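A.B. asks: how would this look folded up:
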Amino acid sequence: MTFRVPPGSAAWQHQTARIGFEVVFLRAARDAIYCEGCTTAVEEGEAWFVEYEIELDGKWRTRRANVRGRSRSGAERETRITTDGQGHWRIDGQAAAQLDGCLDLDLESSALTNAIPVHRLGLAIGASAEAPAAWVRATTLEVERLEQRYARIDDADGERACFDYAAPSVNFACRLVYDEFGLVIEYPGIAIRVG
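C.D. replies: Numbering: from 1, shown residues only. Alright, predicted model coming up:
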């Protein structure tokens with residue numbers, strides 16, 4: 001599947017799991033995609049925000065990310081993440097062996113990051129793949145390994161790409177619907193695309 005070049009911006013409204021909003025600005029260059037965004041939310045009574053800058057290569061493989069945030073504790077946090085594109089990661093300059101084999105970055109606070117493996121994998125209808133990710137938690141910015149699986153199913157109304165998504169370690173599964181740019185438009189219980 002080939003998606004169109006991403007738009008200059010996108011926005012999601014959070015649902016059920018939290019109250020809030022995410023906005024991202026995207027820029028595609030010849031051999032890179034730059035994503036700069038922010039999520040603000042209230043979840044289980046705790047207010048937080050996460051700002052991020054993500055650099056991907058032209059095939060949507062993660063190169064680096066800088067993630068900043070603040071939560072109720074008031075302490076500002078920052079995490080710098082780099083990867084060699086071969087499944088080796090560094091967090092704040094330190095090797096992160098627990099992430100070996102992960103090829104994607106996933107921010108708990110972001111609907112955008114579910115576009116990364118979908119673009120990178122390019123799955124045909126009926127195909128599926130494991131896509132473990134370096135998962136950055138929203139309120140602490142701690143980075144964990146998140147096992148994920150994407151299975152491409154028949155498109156919704158012949159236009160929107162659909163995937164059955166599962167993250168067993170957090171007991172979560174849903175059907176994700178993507179637009180022609182490969183950005184999530186329906187993420188049940190998490191977010192809907194509004195811009």
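
A.B. asks: Please name the bridge partners of Val50.
C.D. replies: Legend: beta-bridge partners of Val50 under DSSP bridges are Thr39, Gly69.

A.B. asks: which parts of the lowest-mean-pLDDT helix or strand in the chain are buried?
C.D. replies: One helix or strand of the chain scores below all others by mean pLDDT, DSSP states H and E: strand 149-156, with a mean of 91. Neighbour-count burial for strand 149-156 flags Arg149, Tyr150, Ala151, Arg152 (criterion: 16 or more other Cβ atoms under 10 Å). Every residue, glycine included, has its C-beta placed from N, CA and C.

A.B. asks: and of the residues you listed, the nearest to Asn66?
C.D. replies: Among these, Tyr150 lies closest to Asn66 (Cβ to Cβ), at 25.8 Å.

A.B. asks: what's the closest non-adjacent residue to that closest one?
C.D. replies: Of all residues not flanking Tyr150 in the chain, Phe163 sits nearest, at 4.9 Å (Cβ to Cβ, 6 or more residues apart in numbering).

A.B. asks: The one you found: which element?
C.D. replies: Assessed by DSSP states H and E, Phe163 sits inside strand 160-167.

A.B. asks: thinking again about what came up before, what's the neighbour count on the residue nearest to Tyr150?
C.D. replies: Neighbourhood size, Phe163 [other Cβ atoms under 10 Å]: 22.

A.B. asks: List the beta-bridge partners for it.
C.D. replies: On the basis of DSSP bridges, Phe163 is bridged to Arg152, Leu176.

A.B. asks: ok, now how distant is it from Leu183?
C.D. replies: The spacing between Phe163 and Leu183, counted by Cβ to Cβ, to the nearest Å, is 13 Å.

A.B. asks: name the helices or strands packed onto the least confident helix or strand of the chain?
C.D. replies: helix 115-121, strand 128-130, strand 160-167 (3 or more Cβ pairs under 8 Å, 6 or more residues apart in numbering; DSSP states H and E).

A.B. asks: okay, and for the protein, where does confidence drop off?
C.D. replies: Applying pLDDT under 70 to the chain flags residues 1, 73.

A.B. asks: can you give me phi and psi for the residue nearest the centre of the chain?
C.D. replies: The centroid of the chain falls nearest to Thr113 when counting by Cα atoms, centre = their mean (1.4 Å). Main-chain dihedrals, Thr113, degrees, to the nearest 10: phi -70, psi -10.

A.B. asks: which ones are touching it?
C.D. replies: By Cβ atoms under 8 Å, 6 or more residues apart in numbering, Thr113 lies in contact with Ile54, Asp104, Leu105, Asp106, Leu107, Ala133.

A.B. asks: now swap in Ile91 and tell me
C.D. replies: Thr79, Arg80, Ile81, Leu99, Val143.

A.B. asks: quick one on the thing from earlier: I'd like the contacts of Thr113 written out as a markdown table, with distance to Asn171, neighbour count and secondary structure added.
C.D. replies: Formatted as a markdown table, these follow (distance: Cβ to Cβ, whole Å; neighbours: other Cβ atoms under 10 Å; DSSP: H, G, I helix; E, B strand; the rest coil):
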| residue | distance to Asn171 | neighbour count | secondary structure |
| --- | --- | --- | --- |
| Ile54 | 26 | 24 | strand |
| Asp104 | 20 | 25 | strand |
| Leu105 | 22 | 29 | strand |
| Asp106 | 16 | 24 | strand |
| Leu107 | 19 | 26 | strand |
| Ala133 | 16 | 24 | strand |
